[in-house]
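Enquirer: I'll drop the sequence and a predicted model, then ask my questions.
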Amino acid sequence: MRYIVLAMMLVLLPLTVTAQNSNSGEYGFQFLQIPVSPVATALGGNGIYANAHSGAFIQNPAANLMDERYSVSVQHSLWLVDTSISQIVYSKSNRNRHFGLAGRILDYGQIDTRDDTGAIIGNYHPIDASLMVNYAYRLLPDHMFGLNAALIYEKLNTASSYGISTDLGYVFLPPITNSTLFLSLRNLGITSKMEYEKIKLPLTLETGIGYKLPFNHSALSMQFTMNKPVDADLRTTLAAEYSLWQMLSLRLGYKGNHDEEGITAGIGISWQNLVVDYGWNSFSDRLNDTHSFGITYNF
């Protein structure tokens, strides 16, 4: 009983962190907040933990204990304007332990350098990168814990910064069949100075609840998430995934209070050991929509 009470307290904790933050704009390494996986993209930037996809540990370090999986995935996102994000993920889980690796790079492309008159005098190539390792352990049948540790790097024109980032994750399986409660604390760490000042990481607390409704040869998974970045207001996400014959997955999500973002959607097709996923994220009229693609091989 004490484990259930502790779990509920942890899941409800972010409800107390809803005040406006006055430090908006002082935080860097924002690429850590961008979902690269097409599954996470299609599900509102998160994931349905009842069907833990390859790389779900990036959102919650304990998530991949929900499924037995040994896979390698390559993912690519066409992000805003001319930027793109590439990611490779390795995941191995036997439901009791999980080990994962993830490397990602955000490429801004070439940016012109101009003088005081506006004339182009050169160009530079900004880049963000991270290399992450994950370990998760099922402490009890219904209590799972995970940890991510990552080396991060950010380069602008002539200035750069590097650092160490950690994520903590917890997943609880309540007495209600096919339900899930989860909590994560992401982007906790330190960085070096970018010229004169250290860059603050976008510390984020996230919690939510999921439920899976099985049918004959199909299943409907649903999820509600609350997300509180230190430099933004409380955000919410609604997501659903319908899977048929373990071959076709249809995904839909909605982001609440995400400024420029709203509806997300996507599809996944599985054939034998190969999985192909696509995710779409809608933005306001001022920004372009983004697209994410992924190929996963399950051993």
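Expert: Cool, the structure landed.
Enquirer: need the next SSE after the lowest-mean-pLDDT helix or strand in the chain, C-terminal direction.
Expert: Lowest by mean pLDDT, DSSP states H and E among the helices and strands of the chain is helix 2-12, with a mean of 41. Counting by DSSP states H and E, the next helix or strand C-terminal to helix 2-12 is helix 38-42.
Enquirer: what sits up against that next one?
Expert: 35, 46-47, 53, 55-56, 58-59, 75, 77, 251-253, 264-268, 277-281, 290, 292-294 (CB atoms under 8 Å, 6 or more residues apart in numbering). (Each C-beta comes from the backbone N, C-alpha and C, glycine too.)
Enquirer: and it, average pLDDT?
Expert: Averaged over helix 38-42, pLDDT sits at 93.
Enquirer: check the offset of that helix from the chain's centre.
Expert: Remark: helix 38-42 is offset 9 Å from the chain centroid, using CA atoms, centre = their mean, to the nearest Å.
Enquirer: how about stretch 85-104?
Expert: 13 Å.
Enquirer: CA atoms only: put that stretch into PDB for me.
Expert: Below are the C-alpha coordinates for stretch 85-104, written out as PDB (Å, rounded to 0.1, in the frame of the first residue of the first chain):
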ATOM      1  CA  ILE A  85      17.600  16.400 -36.600                       C
ATOM      2  CA  SER A  86      19.100  12.900 -36.900                       C
ATOM      3  CA  GLN A  87      19.100  10.200 -34.200                       C
ATOM      4  CA  ILE A  88      20.200   6.600 -33.900                       C
ATOM      5  CA  VAL A  89      18.900   4.400 -31.000                       C
ATOM      6  CA  TYR A  90      19.900   1.100 -29.600                       C
ATOM      7  CA  SER A  91      17.500  -0.600 -27.100                       C
ATOM      8  CA  LYS A  92      17.700  -4.000 -25.300                       C
ATOM      9  CA  SER A  93      15.100  -5.000 -22.700                       C
ATOM     10  CA  ASN A  94      14.100  -8.200 -21.100                       C
ATOM     11  CA  ARG A  95      11.400  -6.500 -19.000                       C
ATOM     12  CA  ASN A  96      13.600  -6.700 -15.900                       C
ATOM     13  CA  ARG A  97      16.500  -4.600 -17.200                       C
ATOM     14  CA  HIS A  98      17.000  -2.200 -20.000                       C
ATOM     15  CA  PHE A  99      20.100  -0.800 -21.600                       C
ATOM     16  CA  GLY A 100      19.900   1.800 -24.300                       C
ATOM     17  CA  LEU A 101      22.100   4.200 -26.300                       C
ATOM     18  CA  ALA A 102      21.000   7.300 -28.300                       C
ATOM     19  CA  GLY A 103      23.000   9.700 -30.300                       C
ATOM     20  CA  ARG A 104      21.400  12.800 -31.900                       C
END
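Enquirer: where in this structure is pLDDT low?
Expert: In the predicted model, the chain carries pLDDT under 70 at residues 1-26, 50-52.
Enquirer: tell me the centre residue of it?
Expert: The residue lying closest to the centre of the chain (CA atoms, centre = their mean) is Q59, at 3.8 Å.
Enquirer: so that one makes contact with P35?
Expert: Yes. With contact defined as CB atoms under 8 Å, Q59 counts as touching P35 (7.4 Å).
Enquirer: with adjacent residues omitted, what lies nearest to L156?
Expert: Spatial nearest neighbour of L156, excluding adjacent residues (CB to CB, 6 or more residues apart in numbering): P126 at 5.2 Å.
Enquirer: how about the strands in the stretch 101-250 of the chain?
Expert: Assigned by DSSP state E, counting those that start in this stretch, the stretch 101-250 of the chain shows strands spanning 111-114, 120-124, 127-140, 143-155, 160-172, 179-191, 193-194, 197-198, 204-215, 218-229, 235-244, 248-256.
Enquirer: tabulate those (TSV), appending mean neighbour count and distance to G100.
Expert: As requested, the strands of the stretch 101-250 of the chain are exported to TSV (neighbours: other CB atoms under 10 Å; distance: least, CB to CB, whole Å):
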stretch	mean neighbour count	distance to G100
strand 111-114	12	33
strand 120-124	11	33
strand 127-140	18	4
strand 143-155	20	8
strand 160-172	20	11
strand 179-191	21	14
strand 193-194	14	29
strand 197-198	12	28
strand 204-215	18	18
strand 218-229	20	21
strand 235-244	19	21
strand 248-256	20	21
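Enquirer: alright, that wraps it up for me.
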